[in-house]
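Engineer: Sequence below, structure please.
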Amino acid sequence: MKINIDGVLRDMTEAELAENAPTSIAHLQAPAMRKLRDQLLAETDWTASSDLKMSDEMKTYRQALRDVPTQEKFPEVTWPEFTGSPLAPVEEEKTTEEEKTTEEESGE
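Structural biologist: Predicted coordinates:
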């Protein structure tokens, strides 16, 4: 590669080549991978609502998404896959009348 210094065209030295090298593809891909990770997390944010109970599978998936930038070959990403139910089963609360009936049946 050539460089023009004060009207003189010459070959660039190794140091000049390294200094003026284009940005690496990995450097350009990292922000895009983080943006995609953030989008995937945002799509599951509803499961973190205080009136819902997030399943263990969803907790694991969301943690794996948060860990994406720490993958050894980042921004080359192995995306986590979600399998299972996003919400854990919730036990229904017994009414006072149901509790009394249960207590009577058990002899308490």
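Engineer: Just to be sure, residue 62 is in a strand?
Structural biologist: No: counting by DSSP: H, G, I helix; E, B strand; the rest coil, residue 62 is not found in a strand; it is helix.
Engineer: dump the residue contacts of it.
Structural biologist: Shown in contact with residue 62 (Cβ atoms under 8 Å, 6 or more residues apart in numbering): 41, 44, 47. Glycine gets a C-beta too; all of them are placed from N, C-alpha and C.
Engineer: mind running it again at 7 Å?
Structural biologist: The neighbourhood of residue 62, defined by Cβ atoms under 7 Å, 6 or more residues apart in numbering, consists of 41, 44.
Engineer: Where does pLDDT dip in the chain?
Structural biologist: Counting by pLDDT under 70, the chain shows low-confidence ranges at 21-24, 93-108.
Engineer: let's see 90
Structural biologist: Along the chain, segments meeting pLDDT under 90 span 1-28, 89-108.
Engineer: Spatially central residue for it, please.
Structural biologist: residue 65 (2.4 Å; Cα atoms, centre = their mean).
Engineer: May I have the secondary structure class of the residue nearest to residue 61 when sequence neighbours are not counted?
Structural biologist: Of all residues not flanking residue 61 in the chain, residue 82 sits nearest, at 4.4 Å (Cβ to Cβ, 6 or more residues apart in numbering). Applying three-state DSSP to residue 82 yields a three-state assignment of coil.
Engineer: and residue 82, how many residues sit next to it?
Structural biologist: 17 (other Cβ atoms under 10 Å).
Engineer: swap in residue 47?
Structural biologist: If you count neighbours by other Cβ under 10 Å, residue 47 ends up with 18.
Engineer: Distance check, residue 76 against residue 68.
Structural biologist: Applying Cβ to Cβ, to the nearest Å, the value for residue 76 to residue 68 is 11 Å.
Engineer: For this protein, which segments count as helices?
Structural biologist: Listed in chain order, the helices of the chain (DSSP state H) span 14-19, 25-44, 56-66, 96-106.
Engineer: which of those sits most buried?
Structural biologist: Of the helices of the chain, the one with the most neighbours on average (mean count of other Cβ atoms under 10 Å) is helix 56-66, at a mean of 16.
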